[in-house]
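Participant: give me coordinates for this.
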Amino acid sequence: MDLRNNFLDHVKKGLHNHTLPLRVVFWDGHSYDFAEQILVTMRFKSAKIITGLLTGSTLDVLGEAYVEGELDLEGRYQDILAIAEGLSNNTV
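Facilitator: Numbers count the residues shown, from 1 in each chain. Here you go, the predicted model:
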């Protein structure tokens, strides 16, 4: 199983059948929607982010990736913060 699928399985398992209005777009162009209505899009520019998310603190990894230009975010900042918190609370 590849890194992308490991990440998706990890997040889906952590969400316990809940949804997040999130679309993730991977470095290779593949994307995954965690809900029908999307409020936030995260664009991972490299696999490095996924490795960090699988092994580290979600908020720290996302913040660092954004500052380093490895992650693009689309959406209202309130929705982005809610998604980041939801990922952090549900996938630890």
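Participant: what helices or strands is the lowest-mean-pLDDT helix or strand in the chain leaning on?
Facilitator: Every helix and strand in the chain was compared by mean pLDDT, DSSP states H and E; the lowest is helix 77-90, with a mean of 84. Judged by 3 or more C-beta pairs under 8 Å, 6 or more residues apart in numbering; DSSP states H and E, helix 77-90 is in contact with helix 3-15, strand 40-44, helix 58-67. Quick note: C-beta positions are derived from backbone N, CA and C, even for glycine.
Participant: out of the ones you listed, which is closest to V24?
Facilitator: V24 sits nearest to strand 40-44 of all these, at 5.2 Å, using C-beta to C-beta.
Participant: continuing past that closest one, what's the next helix or strand?
Facilitator: helix 48-55 (DSSP states H and E).
Participant: go through that following helix and flag the buried ones.
Facilitator: Residues 48-50, 52-53 are the ones in helix 48-55 that count as buried (16 or more other C-beta atoms under 10 Å).
Participant: could those residues be laid out in CSV, adding distance to Q37 and pLDDT?
Facilitator: As requested, the buried residues of helix 48-55 are arranged in CSV below (distance: C-beta to C-beta, whole Å; pLDDT from 0 to 100):
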residue, distance to Q37, pLDDT
K48, 29, 89
I49, 24, 90
I50, 24, 90
G52, 28, 86
L53, 23, 84
